[in-house]
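In: Build me a model from this:
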Amino acid sequence: MEHIELAGVHSGDSACVIPPISIPARHIDTINEYTKKIAVEFGVVGLMNIQYAIANDVVYILEANPRASRTVPLVSKVCNISMARLATQIMLGKKLKDLKLNKKIFHHYGVKEAVFPFNMYQEVDPILGPEMRSTGEVLRFFTDHGIASERILKMHEGRPHIVDAIKNGEIQLVINTPAGRLSKYDDSYIRKAAIKYKIPYITTVAAAVAAVKGITAFRQGHGRAKSLQSYHAEIK
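Out: Numbering: from 1, shown residues only. Presented below is the predicted three-dimensional model:
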């Protein structure tokens, strides 16, 4: 499963997609090669979890665990493969060749998104990643690409400010990606207000890009999600 957020966000917190959508085929081949070599060298019998990272066009191994992970049931559902059952058969003595496993072609994607109870703890800052993009830099980018935008005040800059707009229902989506809490006027109040007034919010650039791609696909007629059984029927 490919993480949506970049390295630095815990795997349990990160959104994931399968099959991968932005990893080049050559890196997928490398990952498959490394996975096989590690499994054989470690003598793994059953399931194994490996976390990879790609930086500067190089595949790195973060960690390898000879055990199942929380992704196993998710991958099983998306791919219609009972991974736990197959792993159990292997541990009981069967060989991989006996299971008649073949590569399959998928025409759908599965997405895992973490759900956090931030609404129960409204004083907790709902942020996952370390990225920061200043308001000025973003407005320069929008202007260069012909996107109409309007600057809105932060709380310490006067009223009406961003929280007023959120309260008044003028904001439909919040994309807020700060780094740390060194500033006295930290942006956490924006994210907290988004939770309080039930406004969707995004805290990493990678997640924002994925959301834009999803919205674009929907507007182009991709349609709504179907039942899991319908997707399984299309796997060949």
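In: Just the buried positions in the strand or helix carrying residue 111, please.
Out: Assigned by DSSP states H and E, residue 111 belongs to strand 110-112. By 16 or more other C-beta atoms under 10 Å, the buried positions in strand 110-112 come out as 110, 112. Glycine gets a C-beta too; all of them are placed from N, C-alpha and C.
In: Which strands and helices lie in contact with that strand?
Out: Counting contacts by 3 or more C-beta pairs under 8 Å, 6 or more residues apart in numbering; DSSP states H and E, strand 110-112 is packed against strand 16-18, helix 71-79.
In: which one of the ones you listed is the most hemmed in?
Out: When the helices and strands packed on strand 110-112 are scored by mean count of other C-beta atoms under 10 Å, the highest mean neighbour count falls to strand 16-18 (a mean of 18).
In: Could you export the helices and strands packed on strand 110-112 as TSV, including distance to residue 112?
Out: Shown next, in TSV, are the helices and strands packed on strand 110-112 (distance: least, C-beta to C-beta, whole Å):
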stretch	distance to residue 112
strand 16-18	4
helix 71-79	5
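In: hmm, back to that, and the strand holding residue 111, what's its mean pLDDT?
Out: Strand 110-112 carries an average pLDDT of 89.
In: tell me how far the top helix by length along the chain is from the chain's mean position?
Out: If you go by DSSP state H, the chain has its longest helix at helix 25-42. Using C-alpha atoms, centre = their mean, to the nearest Å, the mean C-alpha position of helix 25-42 is found 22 Å from that of the whole chain.
In: Tell me the secondary structure at residue 52.
Out: Recorded secondary structure, residue 52: strand (DSSP: H, G, I helix; E, B strand; the rest coil).
In: Okay, domains of the chain per the record?
Out: 2-112, 118-203 (automatic domain parsing).
In: still on that earlier bit, adjacent strands (with direction) for the strand holding residue 111?
Out: Strand 110-112 pairs in its sheet with strand 16-18 (antiparallel), by DSSP bridges.
In: And the contacts of the partner strand?
Out: Residues outside strand 16-18 that contact it (C-beta atoms under 8 Å, 6 or more residues apart in numbering) are 1-4, 71, 74-75, 78-79, 109-112, 210.
In: Apply 7 Å and report the result again.
Out: 1-4, 75, 78, 109-112 (C-beta atoms under 7 Å, 6 or more residues apart in numbering).
In: Next: stretch 25-44.
Out: By C-beta under 7 Å, 6+ apart, the list of residues contacting stretch 25-44 reads 20, 48, 50, 52, 54, 59, 61, 64, 66.
In: Could you give the number of residues near the second one?
Out: To tie it back to what came earlier, the one meant is residue 48. By other C-beta atoms under 10 Å, the residues close to residue 48 number 17.
In: Report the contact partners of it.
Out: Residue 48 makes contact with 39, 64-66 under the criterion C-beta under 7 Å, 6+ apart.
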